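Trainee: how would this look folded up:
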Amino acid sequence: MKDIVIIANFCRDFSENDNGRFMYLCKELSKEHNVEIITSDFIHGKGIHKEPLTIKWPFKITFLHEPGYKKNVSVQRFLSHFAWGKEVKKYLKTRKCPDVIYCAIPSLTAPLAAAKYCEKNNVKFIVDVQDLWPEAFKMVLNLPVASDLMFFPFQLRANAIYKRADAVVAVSQTYVDRVLSVNKKCNVGHAVFLGTKLETFDEGAQSEPLMRKPENEFWIGYCGSLSVSYDIPTVIRAMKILREKGHEALKLIVMGDGPHRGQFEELAKENDVDSIFFGKLAYADMCAQVKQCDIVVNPIKGKSAASIINKHGDYAASGLPVVNTQDSPEYRKLVDSYQMGFNCHNGDADDMAEKLERLIQDKSLRLQMGANARRCAEEKFDRKFTYQEILKVIVE
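Mentor: The predicted structure is shown next:
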């Protein structure tokens, strides 16, 4: 039996319905090992602090205090993460040395403290890269030269963490390659998509949706955040083009929330695009609702640091064809190799409208691409199989 510590800033709620990556790893590892997860008491997605847990799990959950923040891109957020990292550093000194620390990135302060702790105490250190910092923030601010100077200290901190890793896990090969570009200890890394447990998705998909699609309508679905990186305006413009071409029965189904929700809703009204914004849904409700759609869209703005993300697994699991604008070479290659939809030019509403129209007019193509998407989910996104690689890395 090994003593395993997982450090992850952004966890979900550890409820029975928690479908997060780290909850899954804790459950599986705790079957044979002593497991503790160290996480923040602040809920990133809701901007509030967690309530005390009422469920007893077979692993230890340690909540360390984080001040919190209101805006995703703000000085307050960086200060909040810095404070939490200090708490992690302090806490590690109070517990006995584990055999291994498995550490999620971002954020950066806590992982750097953990990396130095492992180096000093001869503890194996594994990174799990969920997103690239500061690359993601540089894309949002997008200030030539100024962004590079502003985030240079973050770049140094990220490199210092990556260099110390004894093993590398990431949610995409793109992120693995970023770590290996500075890490001389590892010859290879392990790209394991965030994915989902297909049994959980299918269970949710069989439940009653919040709204059933009328037979005379054609639904285009979007799941995820409604913030600056997500190009819902291009989807709306593409649907307006299609409506003007005579496709009157189209409806945009949006499942998710974020700071730009009101702006996107208003834009849909201004362009006379029929839409429903459900807000953030429970996972099971999202699964049931997305299955009511005919096509799903993945509109992510250009220069985004995002690679393979949560919605890719859910989209594939839904068995629906995807129309994608994301520039990530890794995801575009996946869409093409599985023939599970179409890639579009980023921000090009005419190109998106053309690809959507091909799927709207050809039911057999929709069904074939949807079947290919489901095959992709089974081969690349089902945690029951893909996460065995992570478990093996941690244990061995």
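Trainee: pretty sure residue 212 sits against residue 292.
Mentor: Yes: Residue 212 is within contact range of residue 292, at 6.3 Å (criterion: Cβ atoms under 8 Å). All C-beta spots, glycine's among them, are computed from the backbone N, C-alpha and C.
Trainee: more crowded one of those two?
Mentor: Per other Cβ atoms under 10 Å, whichever of residue 212 and residue 292 has more neighbours is residue 292, with 17 against 10.
Trainee: contacting residues around the more buried one?
Mentor: 209, 211, 212, 213, 219, 221, 253 (Cβ atoms under 8 Å, 6 or more residues apart in numbering).
Trainee: which pair of these spans the longest distance?
Mentor: The span of the contacts of residue 292, defined through Cβ to Cβ, is set by 212 and 221 at 13.7 Å.
Trainee: now which of the contacts of residue 292 would you call buried?
Mentor: 213, 219, 221, 253 (16 or more other Cβ atoms under 10 Å).
Trainee: residue 390: which of those residues is nearest?
Mentor: residue 221 (29.4 Å).
Trainee: ok, now how distant is residue 372 from residue 365?
Mentor: 11 Å (Cβ to Cβ, to the nearest Å).
Trainee: okay, these two: which has more neighbours?
Mentor: Taking other Cβ under 10 Å, residue 372 and residue 365 do not tie; residue 372 has more neighbours (19 against 15).
Trainee: secondary structure element for the more buried one?
Mentor: In the assignment (DSSP states H and E), residue 372 maps to helix 363-376.
Trainee: before we move on, what about residue 216?
Mentor: Counting by DSSP H and E, residue 216 is part of no helix or strand.
Trainee: residues in contact with it?
Mentor: Contacts of residue 216 (Cβ under 8 Å, 6+ apart): residue 249.
Trainee: what's next to stretch 25-39, contact-wise?
Mentor: With Cβ under 8 Å, 6+ apart as the test, stretch 25-39 has contacts from 1-9, 11, 22, 57-64, 88, 91, 95, 98, 102, 387, 390-391, 394-395.
Trainee: how about low-confidence regions in the chain?
Mentor: Scanning the chain for pLDDT under 70 picks out 138-148.
Trainee: closest one of the buried ones among the contacts of residue 292 to residue 18?
Mentor: Checking these against residue 18 with Cβ to Cβ, the nearest one is residue 221 at 23.5 Å.
Trainee: tell me if I'm right that the closest one and residue 256 touch.
Mentor: No: with contact defined as Cβ under 8 Å, residue 221 does not reach residue 256; the gap is 10.5 Å.
Trainee: give the buried residues for the helix holding residue 372.
Mentor: Within helix 363-376, judged by 16+ other Cβ under 10 Å, the buried ones are 366, 369, 370, 372, 373, 374, 376.
Trainee: check stretch 78-94 too.
Mentor: Quick answer for stretch 78-94 (16+ other Cβ under 10 Å): 78, 80, 81, 83, 84, 85, 87, 88, 89, 91, 92.
Trainee: with stretch 388-396 instead?
Mentor: Buried-residue list, stretch 388-396, by 16+ other Cβ under 10 Å: 390, 391, 393, 394.
Trainee: tell me the gap between the strand or helix carrying the second one and the middle of its chain.
Mentor: Element membership for residue 391 (DSSP H and E) is helix 388-395. The offset between the C-alpha centroid of helix 388-395 and the centroid of the whole chain comes to 20 Å, using Cα atoms, centre = their mean, to the nearest Å.
Trainee: render the CA-only coordinates of that helix in CSV, please.
Mentor: Output of helix 388-395 as CSV, limited to C-alpha atoms (Å, rounded to 0.1, in the frame of the first residue of the first chain):
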residue,chain,number,x,y,z
GLN,A,388,-5.8,3.0,-16.4
GLU,A,389,-2.7,4.6,-17.8
ILE,A,390,-2.8,7.4,-15.2
LEU,A,391,-3.3,4.8,-12.4
LYS,A,392,-0.4,2.8,-13.6
VAL,A,393,1.9,5.9,-13.7
ILE,A,394,1.0,6.8,-10.1
VAL,A,395,1.3,3.3,-8.7
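Trainee: what packs against that helix?
Mentor: helix 21-29, strand 124-129, strand 167-170, strand 190-191 (3 or more Cβ pairs under 8 Å, 6 or more residues apart in numbering; DSSP states H and E).
Trainee: what does stretch 238-250 contact?
Mentor: 216-220, 252, 271-274, 349-350, 352-353, 356-357, 360.
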